[in-house]
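Q: Return atomic coordinates for the entry below.
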Amino acid sequence: MQLDPSRLAPMANAIRALSMDAVQAANSGHPGMPMGMADVATVLFAEQLKFDPQAPRWPDRDRFVLSAGHGSMLIYSLLYLTGYEAPTIDDIRNFRQLHSPCAGHPENTELAGVECTTGPLGQGFAMAVGMAMAERHLNAVFGGDLVDHRTWVIAGDGCLMEGINHEAVGLAGTLKLGQLNVLWDDNHITIDGDTALSTCEDIPARYAASGWHVTRCDGHDYADIARALAEAAADPRPSLVACKTVIGQGAPNKAGSHSVHGSPLGADEVAATRAALGWSAAPFEVPAEILADWRSLGARGAAARSAWEARLAADPQGSEFSRRMAGELPADKGAARDYLASLVANPPKVATRKASEMALEALTVAIPELVGGSADLTGSNLTKTKATPSFSADNYAGRHVHYGIREFGMAAAMNGMALHGGVIPYGGTFLVFADYCRNAIRMSALQHARVVYVLTHDSIGLGEDGPTHQPVEHVMSLRAIPNLLVFRPADAIETAESWAVALKQNGRPSALALSRQNLSPVRFDAEMKTAKGGYRLKAADAARQVVLVASGSEVEIALACAAQLESAGIGADVVSMPCTELFDEQDAAYRADILPAGVLKISIEAGITFGWQKYVGDGLTIGIDRFGASAPAEQLYDYFGLTADKIVPQIKARLGQ
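A: So this is what the prediction gives:
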């Protein structure tokens, strides 16, 4: 559309009207940001954004991320106005109501035009960094005819204050992600009031120091906005555009005040705003000529998409590109089977972090879309393989990201990579530092993103580094997150199976809790038993009186307990439980067979006992309900009572023997 303020102003006012009407009807929401950024968003969609509402998953579309997700009516208005199938105007009428796709904060599982779920401030920005990384990687692999698009972000003051922003900005600058452009809603307002209450930071200087291009514009001057966006698009560095705006622009009495941030305008101010804007349409109505202008922007993308589809059809790599973007794993050529067979033939005694590396050596060859990384612990997490050279500004085709000491930023970037498509990201850190990543892990689960977290040094078994580094509550706390698979494998075979199962989860993330210390092999078959979550590793020889349930490094301890019990005539099953979530998904008959009623059940895990009662009932829960200590691993296991010699007497006492 030719830049014409006389047409753009009514289009922007349509966003303002829908936003204030929806928030007023819901009596809940954030009208200030959509009203303040309406002009910037209008110019972005009119002048720069490449999109097609009729093909919302078109792989080479620009990605638009509303990092300031509290202003969700901005994106809902834009999607409706430009002609996406959803949301409908009725959906917008039902903003923030049960079953409306127009949730309080945008959710990627509800609307095709929402690239990622936002609301936790800063994470949308960091996910956009991951999207830009995925775009550059796929561009390097498949070429510019198939992959050449930008990632545009609208972020607020809160997004830029959050600690994760510093991580994301540093990573993007280091990687020179020139296709990433961030539009900062620079309105100097947070919930508490003026930003001067809490910050004196020179944000543009910080970005410039991190290798970003920085420019500014008047966020209510259409020509100036267009100039700044064009400048950002042309610069080879990631760009920050400081858009000087007035929160709640158009509201004659509340604009510029924190009172318009997170509360409805109120009926009187809505009426006054309508008058000030010259907006005479009824609530939730957009005049036909204004809607037509918006719909023309949506229709414009069809030609670019059609031309791209023709290039895809002619490209010799087109089918491979389509497979990756569809999230389909490559045809199984037997690599996983052959690797498992080698483990059965020669069971290794290795740490499960090493077993993970061994599995990845095979997997990264068989699955070229696997892109790994580590938060500066590559040599400890063992995430880099021969098939994964480093991803950098000099080699976007690389497949191992050096995230630096940025655990939260890494996790959020991986979410962005997964949501972009064409990449299956995995990244490593110590399990104890999963707390740094936790909200991003939660967002992986909420967004149904296939991300694999490689979390090593999973217990007191890491030894001398002591309680600051020894996870105690972490495995169980991760198990509490819905839609997240948590694997704690016992040996190399279970580790390989865990990877195989995790990679098949196209709708949920996985976390692998892996040991630092070597573990003896406990499995000698390749029957993919880990897919059941829990299974009978050893059946009782004598009449069954006891079922020992363990995960990870404690499975071999459970086997040692069973051997002592059997020598005393007490029949004992051993159940390996690498993934409680998968076990819970099995049918009741299977679960009852593995954990039968009428016998004493004992859990053994080097972590808190909370949660194991679900599986052992009023049986025994053996674990560590305190912080660890600094000592060699063998001494710690003995000190905390995690040995067969200290567990078996408790079992016998419970049995009355």
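
Q: My read is that P489 contacts T352, right?
A: Yes: counting by C-beta atoms under 8 Å, T352 is a contact partner of P489 at 5.3 Å. (Glycine included, C-beta is placed from N, CA and C.)

Q: what do these two both touch?
A: T495, L514, G552 (C-beta atoms under 8 Å, 6 or more residues apart in numbering).

Q: give the contact list for the last one.
A: Translated: G552. G552 neighbours (C-beta under 8 Å, 6+ apart): T352, D458, S459, R488, P489, A490, A513, S515, L519, P578, E605, A606.

Q: Near the nearest residue to the first one once chain neighbours are set aside, how many other residues are there?
A: The spatially closest residue to T352, leaving aside those adjacent along the chain, is L514, at 4.2 Å (C-beta to C-beta, 6 or more residues apart in numbering). Each residue near L514 was counted by other C-beta atoms under 10 Å, and the total is 29.

Q: got a list of what L514 touches?
A: 351-353, 355-356, 431, 454-458, 489, 495.

Q: Distance to F95 and pLDDT added to those, as JSON lines?
A: Shown next, in JSON lines, are those (distance: C-beta to C-beta, whole Å; pLDDT from 0 to 100):
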{"residue": "A351", "distance to F95": "51", "pLDDT": "98"}
{"residue": "T352", "distance to F95": "47", "pLDDT": "98"}
{"residue": "R353", "distance to F95": "47", "pLDDT": "98"}
{"residue": "A355", "distance to F95": "49", "pLDDT": "98"}
{"residue": "S356", "distance to F95": "45", "pLDDT": "98"}
{"residue": "L431", "distance to F95": "40", "pLDDT": "98"}
{"residue": "V454", "distance to F95": "40", "pLDDT": "98"}
{"residue": "L455", "distance to F95": "38", "pLDDT": "98"}
{"residue": "T456", "distance to F95": "44", "pLDDT": "98"}
{"residue": "H457", "distance to F95": "45", "pLDDT": "98"}
{"residue": "D458", "distance to F95": "44", "pLDDT": "98"}
{"residue": "P489", "distance to F95": "45", "pLDDT": "98"}
{"residue": "T495", "distance to F95": "46", "pLDDT": "98"}
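
Q: Just the buried ones from those residues?
A: Using 16 or more other C-beta atoms under 10 Å as the burial test, the contacts of L514 include 351-353, 355-356, 431, 454-458, 489, 495 as buried.

Q: Neighbouring strands - and their directions - for the lowest-mean-pLDDT helix or strand in the chain?
A: The weakest-scoring helix or strand in the chain, judged by mean pLDDT, DSSP states H and E, is strand 189-190 (a mean of 89). Using DSSP bridges, the strands paired with strand 189-190 are strand 193-194 (antiparallel).

Q: which residues sit against the following helix or strand past the strand it pairs with?
A: Using DSSP states H and E, the helix or strand that follows strand 193-194 towards the C-terminus is helix 203-209. With C-beta under 8 Å, 6+ apart as the test, helix 203-209 has contacts from L160, H166, V169, G173, W184, V214, R216, L240, A242.

Q: residue boundaries of the helices in the stretch 201-350 of the chain?
A: 203-209, 222-234, 267-277, 288-314, 318-326, 335-345 (DSSP state H, counting those that start in this stretch).

Q: chain center to stretch 112-123, what's the gap?
A: Between the centre of stretch 112-123 and the centre of its chain there are 10 Å (C-alpha atoms, centre = their mean, to the nearest Å).

Q: again, but for stretch 180-195
A: Chain-centre distance of stretch 180-195: 24 Å, with C-alpha atoms, centre = their mean.

Q: Among the contacts of L514, pick out the one closest to R305, please.
A: Nearest to R305 among the contacts of L514, counting by C-beta to C-beta, is V454 at 36.8 Å.

Q: Would you list the phi and psi of that closest one?
A: Backbone torsions for V454, taken as degrees, to the nearest 10, come to phi -100, psi 100.

Q: ok, it - contacts?
A: Residues in contact with V454 (C-beta under 8 Å, 6+ apart) are R353, S356, G372, S374, N381, T383, Y426, G427, G428, T429, L512, L514.

Q: and it, how far is that from F64?
A: Between V454 and F64 the distance is 31 Å, computed by C-beta to C-beta, to the nearest Å.

Q: hmm, back to that, for the least confident helix or strand of the chain, give me every contacting residue.
A: G32, D157, G158, M161, T195, L197, S198, I247, G256, S257, H258, H261.

Q: who wins for neighbours among these?
A: Neighbour max across the contacts of strand 189-190 (other C-beta under 10 Å) = G32, 34 neighbours.

Q: thinking again about what came up before, can I get the buried ones among the contacts of L514 in CSV including distance to E634?
A: Formatted as CSV, these follow (distance: C-beta to C-beta, whole Å):
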residue, distance to E634
A351, 14
T352, 18
R353, 18
A355, 20
S356, 23
L431, 20
V454, 25
L455, 23
T456, 19
H457, 16
D458, 16
P489, 21
T495, 22
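
Q: W58: which of the residues you listed is nearest?
A: Closest to W58, out of all of these and judged by C-beta to C-beta, is V454, at 32.1 Å.

Q: ok, how many other residues are close to the residue nearest to G211 when sequence neighbours are not counted?
A: Leaving out its chain neighbours, the residue that sits closest to G211 by C-beta to C-beta, 6+ apart is G173, at 3.2 Å. Residues within reach of G173, counting by other C-beta under 10 Å, total 21.

Q: my read: G173 touches S239, true?
A: No: judged on C-beta under 8 Å, G173 makes no contact with S239 at a distance of 10.9 Å.

Q: got any residues that touch both of these two?
A: Shared contacts of G173 and S239, defined by C-beta under 8 Å, 6+ apart, comprise W212.

Q: now E527: how far from Y535?
A: 9 Å.

Q: Neighbour count for the two, which is higher?
A: Y535 (19 against 13).

Q: Can you pull the phi/psi pair for the more buried one?
A: Dihedral angles (degrees, to the nearest 10) for Y535: phi -160, psi 160.

Q: Give me the nearest residue to it, chain neighbours excluded.
A: K529 is the one closest to Y535 (C-beta to C-beta, 6+ apart), at 4.4 Å.

Q: contacting residues around V260?
A: P31, G32, M35, I247, G248, A251, K254.

Q: May I see the PyMOL selection of the buried members of the residues you listed?
A: Applied in PyMOL, the following selects the buried portion of those according to 16+ other C-beta under 10 Å:
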select buried, resi 31+32+35+247+248+251+254
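
Q: Can I get the contacts of V260 in JSON lines including distance to L229?
A: What follows is these, written out as JSON lines (distance: C-beta to C-beta, whole Å):
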{"residue": "P31", "distance to L229": "24"}
{"residue": "G32", "distance to L229": "22"}
{"residue": "M35", "distance to L229": "20"}
{"residue": "I247", "distance to L229": "21"}
{"residue": "G248", "distance to L229": "23"}
{"residue": "A251", "distance to L229": "25"}
{"residue": "K254", "distance to L229": "28"}
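
Q: Okay then, goodbye and thanks.
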